[in-house]
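Chemist: I would like the atomic coordinates for the input below:
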Amino acid sequence: MRKNNVAVAMSGGIDSSVAAFLLQKKYQVFGLTMSLGPFHKQAVERAKIICNRLKIPHYIIDLQKEFQKEIINPFIKEYCQARTPNPCVWCNQRIKFGYLLKAAQKLGANYLATGHYARLRLETLNLKFQILKKAKYKKRDQSYFLYRLSQKQLKKTIFPLGNMSKTQVEKIAIQNNLCFKNQEESREICFIPDNDYRKFLENNSSCFKHGHIKDLKGNILGEHKGLPFYTIGQRKGLISGSKFPLYVVQIKVKENTIILGPEKSLYKKQLVVKNITWTNNQFPVEIKSGLIKAKDITTKIRYRHCPSQISKILLAQVGPGQVKIEFKKAQRAITPGQSMVIYKGEQVLGGGIID
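Modeler: Numbering: from 1, shown residues only. I've put the predicted structure just below:
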């Protein structure tokens, strides 16, 4: 392969470090690290150390302004609208495989590699499309976070860890001095200290207004501290003295009200997703024409969600860029703002934002 310059997105973590180590054997490799803010300082320093150990060039790309605009500000805005966003999804599309990929190409890279656990396969019929697939080891699969990547992005991407287990990766890291003493897994949301998003929102927004907590009949049960403190399906931190468990079943933004109900109220059979995107633009046509049957499709409505079968998928019946999904079985705690990802077997078809 003549086009063999590969940039590896280095985070200082084990996964990206092993990805760079493996690719060194086949390609000309250099490390690329995003500088995203003060919270990211240790990651940058560790990535530099790893690149020195691997004896590969290392570049730091300052994306603090872009990250604030594209990820942090929308994250705060979504919570203030009582939605529960997934910033990693947007970061992959706009930052890593957006700004960082462009920076890699300017530095001479033909491809950008990351430590994501996912797989790519060239579509065998006409070799025009990259098919995004789940990782071989499902416990580590991260294809959920990559569903918004376009064909243009996927064609410039390499996932070296897609066929590997975390145990295999850790073993390689230890054997080749690619990790640090007492190194922990990366934080769930990198820009939030201690994963305390409520404290982060309090310090960075002014949308915390007290309001009523009501039951399904409209009776006032208590007072809430601000809508961003709550999410669909939440049970903790609500009210005390109830005879049976109550959960957040609805959040009314205009009324600044939290609605509680029994767990059975959390189960719904339908949802609507917006900002729909397809990894291969043929999928809407194939669904409409019946080439892809609803019975062959599963979806995940959150990262840790067990894939669920659907009974019906309706295109363009709600609005442009929207899809209506009907499940075979009612799903628990469908949450606005989260991503719903659509699969056919192990293949990622696309997905959208739950509306």
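Chemist: from here on, contacts and neighbour counts on C-alpha atoms
Modeler: Noted.
Chemist: Could you check how far N275 is from L146?
Modeler: Note on N275: its distance to L146, by CA to CA, to the nearest Å, is 15 Å.
Chemist: what's the burial count for the closest residue to A47 other than its chain neighbours?
Modeler: Distance criterion CA to CA, 6 or more residues apart in numbering; nearest residue to A47, sequence neighbours excluded, is G12 at 3.9 Å. G12 has 24 neighbouring residues, counting by other CA atoms under 10 Å.
Chemist: One more: C190?
Modeler: C190 has 14 nearby residues by other CA under 10 Å.
Chemist: so what's it scoring on pLDDT?
Modeler: Here the pLDDT value assigned to C190 is 89.
Chemist: need the contact list for it.
Modeler: C190 makes contact with F39, H40, according to CA atoms under 8 Å, 6 or more residues apart in numbering.
Chemist: Assign a three-state SS to it, would you?
Modeler: Secondary structure, DSSP: H, G, I helix; E, B strand; the rest coil: C190 is coil.
Chemist: So which residues of the chain form helices?
Modeler: 14-23, 41-54, 64-67, 73-80, 87-90, 101-106, 151-154, 166-175, 197-204, 283-289 (DSSP state H).
Chemist: Not counting stretch 38-45 itself, show me its contacts.
Modeler: S11, G12, G13, T33, M34, S35, I60, C190, F191, P193.
Chemist: can you rerun that using 7 Å?
Modeler: The contact list for stretch 38-45 (CA atoms under 7 Å, 6 or more residues apart in numbering) reads S11, G12, T33, S35, F191.
Chemist: all strands for the stretch 151-300 of the chain, in order.
Modeler: 157-158, 211-215, 220-224, 247-252, 257-261, 267-278, 297-300 (DSSP state E, counting those that start in this stretch).
Chemist: The fifth one vs strand 220-224, what angle?
Modeler: Here the directions of strand 257-261 and strand 220-224 differ by 130 degrees (axes from the mean of the first three to the mean of the last three CA atoms, to 10 degrees).
Chemist: C88 contacts Y147, correct?
Modeler: No. With contacts counted by CA atoms under 7 Å, C88 stays clear of Y147, the gap being 11.1 Å.
Chemist: returning to what we had before: which of the contacts of stretch 38-45 sits closest to Y117?
Modeler: Distance to Y117 across these (CA to CA) is lowest for S11, with 14.7 Å.
Chemist: okay, now that closest one: neighbour count?
Modeler: 26.
Chemist: And G241, by the same measure?
Modeler: Neighbours around G241, by other CA under 10 Å: 6.
Chemist: Over to K138?
Modeler: Count around K138 with other CA under 10 Å applied: 13.
Chemist: What of S165?
Modeler: 17.
Chemist: what's the closest residue to it other than its chain neighbours sitting at in phi/psi?
Modeler: Once flanking residues are discounted, S165 sits nearest to Y137: 5.9 Å by CA to CA, 6+ apart. Backbone geometry at Y137, expressed as degrees, to the nearest 10, gives phi -100, psi 110.
Chemist: mind checking pLDDT for Y137?
Modeler: pLDDT, Y137: 94.
Chemist: And it, how close does it get to N92?
Modeler: Counting by CA to CA, the separation of Y137 from N92 is 21 Å.
Chemist: Give the residue from the two that has the larger number of neighbours.
Modeler: More neighbours surround N92 than the other of Y137 and N92, with 18 against 14 (other CA under 10 Å).
Chemist: For that one, give me its contacts.
Modeler: With CA under 7 Å, 6+ apart, N92 has these contacts: L146.
Chemist: mean confidence score for stretch 235-253?
Modeler: Stretch 235-253 comes out at a mean pLDDT of 88.
Chemist: list the buried ones in that stretch?
Modeler: By neighbour count on 16 or more other CA atoms under 10 Å, the buried set for stretch 235-253 is R235, L238, I239, L246, Y247, V248, V249, Q250, I251.
Chemist: Likewise for stretch 200-219?
Modeler: Here stretch 200-219 shows L201, C207, F208, G211, H212, I213, K214, D215 as buried, counting by 16+ other CA under 10 Å.
Chemist: Give the closest residue to the first one in space, chain neighbours not counted.
Modeler: For L201, ignoring the flanking residues on the chain, the nearest one in space by CA to CA, 6+ apart is I76 at 6.6 Å.
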